[in-house]
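Novice: how does the following fold in three dimensions:
(one chain, ligands or ions: 1)
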Amino acid sequence: MIYLDNAATTPMDSEVIAAMHEVMNTNYGNPSSVHWYGRKSRVLVEEARVEIASIVQAKPSEIYFTSSATEAISTAIYGAVRDLGIRNIITSAIEHHAVLHTLDAVHRAYPIQVSFVRLDKNGLINFDHLQELLDDIEPALVILMHANNEIGTLYPIARIAKLCKNYNSFYLTDTVQTMGKYAINFLEMGADFATCSAHKFHGPKGSGFLYISDRVSIKPLIDGGGQERNLRSGTENVCGIAGMAKAFEVAYRDLEMNANHIAGLKSLFVEKLQKAFPDIIFNAASHNSGLYNIIHVSFPNAYRNQMLLQNLDIHGIATSGGSACASGTVATSHVLSAIHAITEMPSVRFSLSKFNTLEEVDDTMRVLKKILL
Ligand code: PLP
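Specialist: Now for the predicted structure:
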């Protein structure tokens, strides 16, 4: 079995599992309880916050633990519309559904206008158009991700943040696919909101956070016991938070080594694909740009095989056609449609992690040739 779907989720690191196991055994106190057990859990949660904040160059008070990046995105969008008076939102058509479907829901509930910035064929934004949109509708909430989860396109978020500042607008960036893979500096980045989901970099599922710059103040999406300084009620996921902190520690300790390993594998994989399938299409130039762990390819008609993903699965190779859809269905990718890629061809996203090996790439190539040639 070969796992090449690491943009959907990653296997957990053994160090993370060990840390969580220890917490599950010894830290069952509720962090809000005043007794020894509670205080012990509280210390763990706050230490995790301090550790994560120091890695991403934020203040601990700017990190709010959530159940997921999806919750973080919803909290930020609803907060901006409800509490910051935002009526104009600028985004792109290749954002994750956590953004686009939330905007649909917010649009039904509030009188907001959503504008989409023009993209080129690689999914990069047209800055002149972004500026034009901001000229017309300042102040806005701009939502543009750091890296796209399907095609790997990377956005220059510091430049976007600067533009937003010039227009008195707020900036939410979805950093889910870059967190744990790139050095992140929230202080320099200058965004108002950013997101994290621990399972994307070998941490546990169900644990994430919302970064909110201390320049900004919003109200909670979830009311209750007042946890997370009143922004996100609900007893803290102590074990998940500790696991996320461990995943951060491990990811940033070994960042360069892992990045070199994964980028090296990606370039060998690309070379082999080009050699075996000369007319292969690398969507959004994913062969030589974007995230160092994503290759998104389409196989032209000569290699038509509409059941490609299923065939790879039958041969023990887990890949994806795009984002992991909750229903398990493979729908036409909104990302490929938005960049006008040819969606009729069988396409595959290979997403790598530090656990993948050259042997796995070779085995995958053998299977691809068997299926397609
Ligand atoms: N944003 C991006 C770019 C993602 O890739 C994902 C997960 O696929 C999410 C948001 C949502 O993350 P989660 O499902 O962990 O909430």
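Novice: neighbours around residue 180, how many?
Specialist: 25 (other Cβ atoms under 10 Å). (Each C-beta comes from the backbone N, C-alpha and C, glycine too.)
Novice: mind listing what it touches?
Specialist: Taking Cβ atoms under 8 Å, 6 or more residues apart in numbering, we find residue 180 in contact with 200, 201, 202, 203, 247, 248, 251, 252.
Novice: if we use 7 Å, what do you get?
Specialist: Going by Cβ atoms under 7 Å, 6 or more residues apart in numbering, residue 180 touches 200, 201, 247, 248, 251.
Novice: ok, residue 268 next?
Specialist: 358, 361.
Novice: just the pLDDT at it, thanks.
Specialist: Residue 268 is assigned a predicted lDDT (pLDDT) of 98.
Novice: in the strand or helix carrying it, what counts as buried?
Specialist: Under the criterion of DSSP states H and E, residue 268 resides in helix 255-276. Under the neighbour-count criterion of 16 or more other Cβ atoms under 10 Å, helix 255-276 has 258, 259, 261, 262, 265, 266, 269, 270, 272, 273 buried.
Novice: how near is the third one to the ligand?
Specialist: In this case it means residue 261. Remark: distance between residue 261 and the ligand (Cβ to the nearest ligand atom, to the nearest Å) = 21 Å.
Novice: quick revisit: farthest pair within the contacts of residue 180?
Specialist: With Cβ to Cβ as the measure, no two of the contacts of residue 180 lie farther apart than 200 and 248, at 11.6 Å.
Novice: compare these two (neighbour count), which wins?
Specialist: Using other Cβ under 10 Å as the criterion, residue 200 and residue 248 rank with residue 200 on top: 27 against 24.
Novice: contact partners for the closest residue to the more buried one other than its chain neighbours?
Specialist: The shortest distance from residue 200 to any non-neighbouring residue, by Cβ to Cβ, 6 or more residues apart in numbering, is to residue 176 (5.7 Å). By Cβ under 7 Å, 6+ apart, the contact set of residue 176 is 69, 195, 196, 197, 200.
Novice: restricted to strands, list these.
Specialist: Per DSSP state E, strands hold the following members of the contacts of residue 176: 195, 196, 197.
Novice: report pLDDT for the closest residue in space to the last one that isn't next to it in sequence.
Specialist: Setting aside the residues directly before and after it, residue 197 is nearest to residue 69 in space (Cβ to Cβ, 6+ apart), at 3.8 Å. Confidence at residue 69, expressed as pLDDT, is 98.
Novice: cool, and residue 116?
Specialist: 98.
Novice: gap between it and residue 90?
Specialist: 8 Å (Cβ to Cβ, to the nearest Å).
Novice: neighbour count for the two, which is higher?
Specialist: residue 90 (25 against 17).
Novice: surely the more buried one is in a strand?
Specialist: Yes. Secondary structure of residue 90 (DSSP: H, G, I helix; E, B strand; the rest coil): part of a strand.
Novice: so what's it up against?
Specialist: 115, 117, 130, 133, 134, 140, 142.
Novice: let's go with 6 Å and repeat that
Specialist: 115, 133, 140, 142 (Cβ atoms under 6 Å, 6 or more residues apart in numbering).
Novice: could you point out which residue ranges in the stretch 51-200 of the chain have low pLDDT?
Specialist: Counting by pLDDT under 70, the stretch 51-200 of the chain contains no low-confidence segment.
Novice: what are the ranges of the helices in it?
Specialist: Ranges of helices in the stretch 51-200 of the chain, per DSSP state H, counting those that start in this stretch, are 69-83, 97-109, 127-137, 157-166, 186-189.
Novice: and residue 1, which of those is closest to it?
Specialist: Closest among those, using Cβ to Cβ: helix 69-83, at 26.8 Å.
Novice: just the angle between that closest one and helix 97-109, please?
Specialist: Going by axes from the mean of the first three to the mean of the last three Cα atoms, to 10 degrees, helix 69-83 is angled at 30 degrees with respect to helix 97-109.
Novice: angles on the backbone of the residue nearest to residue 200, please.
Specialist: phi -60, psi -40 (degrees, to the nearest 10).
Novice: distance of it from the ligand?
Specialist: With distances taken as Cβ to the nearest ligand atom, residue 176 is found 4 Å from the ligand.
Novice: now that residue: how far from residue 127?
Specialist: Applying Cβ to Cβ to residue 176 and residue 127 gives a distance of 23 Å.
Novice: again, but for residue 218
Specialist: Residue 218 is 27 Å from residue 127, by Cβ to Cβ.
Novice: okay, these two: which has more neighbours?
Specialist: More crowded of residue 218 and residue 127, by other Cβ under 10 Å: residue 218, with 22 against 14.
Novice: pretty sure the more buried one is in contact with residue 83, am I right?
Specialist: Yes. Under the criterion of Cβ atoms under 6 Å, residue 218 makes contact with residue 83 at 4.6 Å.
Novice: what's the local residue count around the closest residue to residue 1 other than its chain neighbours?
Specialist: Nearest residue to residue 1, sequence neighbours excluded (Cβ to Cβ, 6+ apart): residue 316, at 4.6 Å. Residue 316: 12 surrounding residues under other Cβ under 10 Å.
Novice: now the buried members of the ones in strands among the contacts of residue 176.
Specialist: Buried members of these, scored by 16+ other Cβ under 10 Å, are 195, 196, 197.
Novice: the second one contacts residue 211, correct?
Specialist: No. Judged on Cβ under 6 Å, residue 196 makes no contact with residue 211 at a distance of 7.5 Å.
Novice: can you give me the buried ones in stretch 29-41?
Specialist: 29, 30, 31, 38, 40, 41.
Novice: what does stretch 282-298 give?
Specialist: So, applying 16+ other Cβ under 10 Å, buried residues of stretch 282-298: 282-287, 290-298.
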